[in-house]
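Peer 1: one predicted model, sequence on top.
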Amino acid sequence: MVQRGIVKSIEGGIASVEVGGGDGCSACNARESCVSITGKRPEPKLIKVENVLNAAVGDAVEVELPVKVTMRIITVTFLLPVALLIAGYWIMMPGGSTQAAVGAAGGLVAGMAAALAANRSMSRRKDYSMRMTDIVAGSCAAPSKSNEGFNSANS
């Protein structure tokens with residue numbers, strides 16, 4: 001998934017990029033699902049990415065998580081709990097429907113805990129991090145009050 005953001009700072013080849021929330025939501029095709037799930041607009045997030053494109057502070061950039069990585073995360077996050085739910089059900093099924101339901105619930109809880117642990121582990125790996133893919137526009141930083149007239153005169 002490609003996201004756009006603004007470079008807020010750069011330290012040692014690592015750029016802090018603000019993505020999501022605010023005005024970015026109005027251009028997103030999935031904005032309605034965020035609002036329906038959470039009941040509010042997402043807040044902007046600051047993510048750190050390697051500055052491979054030599055972006056400057058204020059540049060609008062595109063960052064993305066590679067598709068292969070996204071598919072692995074989706075698989076672990078959604079399929080692992082479902083697989084353990086089914087396994088818990090089948091293991092406990094010989095004891096009757098009540099035990100099968102308890103086994104399914106236990107499998108689901110175990111699957112969710114395992115998915116959470118796996119996601120945390122993956123988030124620490126370098127190949128599971130966002131990557132800067134494009135500089136969309138030069139400095140988009142809001143003009144400061146001291147040079148506001150200078151910037152508007154040169155636009």
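Peer 2: Thanks, I have the structure now.
Peer 1: so for the longest helix along the chain, mean pLDDT?
Peer 2: Using DSSP state H, we find that the single longest helix of the chain is helix 97-123. Helix 97-123 shows a mean pLDDT of 93.
Peer 1: likewise for stretch 54-74?
Peer 2: Across stretch 54-74, the average pLDDT comes to 86.
Peer 1: name the residues that touch stretch 99-114?
Peer 2: 80-93, 95 (CB atoms under 8 Å, 6 or more residues apart in numbering). The way it works is simple: take the backbone N, C-alpha and C, and place the C-beta from them, glycine included.
Peer 1: can you flag the buried ones in the residues you listed?
Peer 2: Neighbour-count burial (16 or more other CB atoms under 10 Å) is assigned, among the contacts of stretch 99-114, to Leu80, Pro81, Leu84, Leu85, Ala87, Gly88, Tyr89, Met92.
Peer 1: got the residues you listed as JSON lines, with pLDDT columns?
Peer 2: Shown next, in JSON lines, are those (pLDDT from 0 to 100):
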{"residue": "Leu80", "pLDDT": "93"}
{"residue": "Pro81", "pLDDT": "95"}
{"residue": "Leu84", "pLDDT": "96"}
{"residue": "Leu85", "pLDDT": "96"}
{"residue": "Ala87", "pLDDT": "96"}
{"residue": "Gly88", "pLDDT": "96"}
{"residue": "Tyr89", "pLDDT": "96"}
{"residue": "Met92", "pLDDT": "95"}
